[in-house]
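Asks: return atomic coordinates for the entry below.
(one chain, ligands or ions: 1)
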Amino acid sequence: MALRNIVKVNTEAESVLYKKTRMVEKFDEKLKQLAEDMIETMHEANGVGLAAPQVGLLKRMFVMNVDPEEGDLVIINPEISEMEGERIAYEGCLSYPQMFGRIKRPFKLKLKYNDLNGAVKEMEAEGLKARCICHEADHLDGIMFTEKVIGDLVHESQLADNADNTDEELY
Ligand SMILES: [Zn+2]
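Replies: Numbers count the residues shown, from 1 in each chain. A predicted model of the protein is given here:
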C-alpha cells in the first residue's frame, strides 16, 4: 500500500478536478492496488470519501467510509437513481482544505455500481451516506462542491459558531 498525493484546488495539478472521468472496464490487480491506496490516503487525511480524480486519475471510482460498522467501500461506475427528499448541511472536501459550504443533497437514494471484481451491486443510502455518494459522484463528473454551495464558503474556524451545522465531513 502507498499513500497518494491529494490534488488540491489552486495548484498546478487542479485541472484534473474539473474533468469528466471514464468508465472502469478492467477489474485487475492494478485496480485493487489503487483502491487500497485510495482507502489508505482517505484515512490518512481524516476523510470519509475520496474520488479517483482527487488522486489525479480520470476513472469512475471512489472510496468511502461513513459508517465504521460497514467499513471501507469501493464504488466503481456508480449510477444514482430514485433520489428522495432533501437536506442541507455543511460539506468539506479533501481537495479544498479548511473550507466548508452548505449544500442541498437528496436524503435518500439508490446506487448501482460495480465492485472490485466487476460484479454489479446495488445499495440504498440515506443521510450522511447519501450525501457522501452524491459528493463523490459529482467529482467523477468534474464538479466541485463549491459549484453547488448555498451562500458563502466558511473557514473551519468559523464553523463552531454556526448553529445549523449538523454534518461537517471531508470528502
Ligand atoms: Zn471532495
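Asks: would you list every one of the strands in the chain?
Replies: For the chain, the strands defined by DSSP state E occupy 49-51, 61-64, 73-84, 87-93, 96-105, 108-114, 120-126, 150-155.
Asks: to the ion, which of the ones you listed lies closest?
Replies: Minimum separation from the ion across the strands of the chain (CB to the ion) falls at strand 87-93, 3.2 Å. Where you see a C-beta, it was placed from the backbone N, CA and C, and this is true even at glycine.
Asks: pLDDT (mean, whole number) over that closest one?
Replies: Mean per-residue pLDDT for strand 87-93: 94.
Asks: now do that strand: everything it contacts.
Replies: Contact partners of strand 87-93, identified using CB atoms under 8 Å, 6 or more residues apart in numbering, comprise 98-107, 127, 131, 135, 144-146, 150, 154, 156, 159, 162, 165-171.
Asks: what comes into contact with the longest helix seen in the chain?
Replies: For the chain, the helix with the greatest residue count under DSSP state H is helix 29-44. With contacts defined as CB under 8 Å, 6+ apart, helix 29-44 is touched by 1-4, 6, 24, 48-50, 52, 55, 57, 59, 61-65, 72, 74, 76, 94, 116.
Asks: can you do 7 Å?
Replies: Counting contacts by CB atoms under 7 Å, 6 or more residues apart in numbering, the residues outside helix 29-44 that touch it are 1-4, 6, 24, 49-50, 55, 63, 65, 72, 74, 116.
Asks: convert the C-alpha atoms of the lowest-mean-pLDDT helix or strand in the chain to PDB, please.
Replies: None of the helices or strands of the chain scores lower by mean pLDDT, DSSP states H and E than helix 156-159, at a mean of 86. Output of helix 156-159 as PDB, limited to C-alpha atoms (Å, rounded to 0.1, in the frame of the first residue of the first chain):
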ATOM      1  CA  GLU A 156     -13.400  25.700   9.500                       C
ATOM      2  CA  SER A 157     -12.500  28.100  12.400                       C
ATOM      3  CA  GLN A 158     -15.900  29.800  12.000                       C
ATOM      4  CA  LEU A 159     -18.000  26.600  11.800                       C
END
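Asks: what number of residues lie near the residue lying closest to I76 once chain neighbours are set aside?
Replies: Using CB to CB, 6 or more residues apart in numbering and skipping residues adjacent in sequence, the residue nearest I76 is N114, 4.2 Å away. If you count neighbours by other CB atoms under 10 Å, N114 ends up with 21.
Asks: with that, I have no additional questions.
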